[in-house]
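**Q** sequence unavailable; structure follows:
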Ligand SMILES: CC[C@H](C(=O)O)C(=O)SCCNC(=O)CCNC(=O)[C@H](O)C(C)(C)COP(=O)(O)OP(=O)(O)OC[C@H]1O[C@@H](n2cnc3c(N)ncnc32)[C@H](O)[C@@H]1OP(=O)(O)O
Ligand SMILES: [Co+2]
């Protein structure tokens, strides 16, 4: 079911500072910020030869990453995104196994314009998993 790692996401307190560090200190190619109000975050992508790093900053009062940053004020690894060929088949399989699919269980459109879902970290050894259909 799982394909490539699409991205590893880091929650950061200030996306401009983090983007500058990845570009100037680490010499990486960093995309322009994308505000995703429907997801409560602003994101940039650090382009790598074999995957991407997504930098996340809270957007709005109800950001799903606000509690994470309150616990980890310097930031930290937030989720891993795996690619899947058929997100509804993956969802149905996961629900059948008893895994919790977050939200209402229906895919939303993510930063890449593709359908995504999230799986509860408590069901996968403390790691928040995102699935993206590619
Ligand atoms: C889709 C756009 C973009 C893209 O790639 O295209 C993105 O990736 S947007 C990313 C931001 N959106 C999301 O993260 C949506 C899914 N996340 C959620 O629904 C929540 O963050 C949730 C349910 C994972 C946690 O919500 P919250 O922190 O408000 O709840 P709790 O504080 O009660 O946490 C419950 C429990 O889980 C632990 N936790 C929370 N976040 C994480 C995490 N990122 N990794 C690992 N563990 C996490 C938290 O510490 C609590 O554990 P406990 O032992 O009970 O204290
Ligand atoms: Co993501």
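**A** That came through, no problem. It should be emphasised that the depicted structure is a prediction, and the values quoted were computed from it without experimental measurement. Ligands and ions are numbered 1, 2, ... in the order given.
**Q** hey, what's the closest residue in space to residue 107 that isn't next to it in sequence bridged with?
**A** Nearest residue to residue 107, sequence neighbours excluded (CB to CB, 6 or more residues apart in numbering): residue 115, at 3.6 Å. Glycine gets a C-beta too; all of them are placed from N, C-alpha and C. For residue 115, the beta-bridge partners under DSSP bridges are residue 109.
**Q** buried set for the longest helix along the chain?
**A** For the chain, the helix that runs over the most residues, judged by DSSP state H, is helix 87-96. Buried residues in helix 87-96, counted by 16 or more other CB atoms under 10 Å: 87, 90, 91, 94.
**Q** tell me what that helix is packed against?
**A** Contacts defined by 3 or more CB pairs under 8 Å, 6 or more residues apart in numbering; DSSP states H and E place helix 87-96 against strand 115-119, strand 128-133.
**Q** can you do 10 Å?
**A** Judged by 3 or more CB pairs under 10 Å, 6 or more residues apart in numbering; DSSP states H and E, the packing partners of helix 87-96 are strand 76-84, strand 115-119, strand 128-133.
**Q** for those, please prepare CSV with the additional fields distance to residue 24 and mean pLDDT.
**A** Listed next are those as CSV, based on distance: least, CB to CB, whole Å; pLDDT from 0 to 100:
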stretch, distance to residue 24, mean pLDDT
strand 76-84, 21, 98
strand 115-119, 30, 98
strand 128-133, 28, 98
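**Q** out of those strands, nearest to residue 38?
**A** Among the helices and strands packed on helix 87-96, the nearest to residue 38 by CB to CB is strand 115-119 (11.4 Å).
**Q** what residues does this structure put near ligand 1?
**A** Proximity of the chain to ligand 1, by CB under 6 Å from any ligand atom, involves residues 9, 36, 39, 41, 43, 54, 56, 64-65, 67-68, 78-79, 81, 102, 110-111, 116, 118, 121-122, 126-128, 130.
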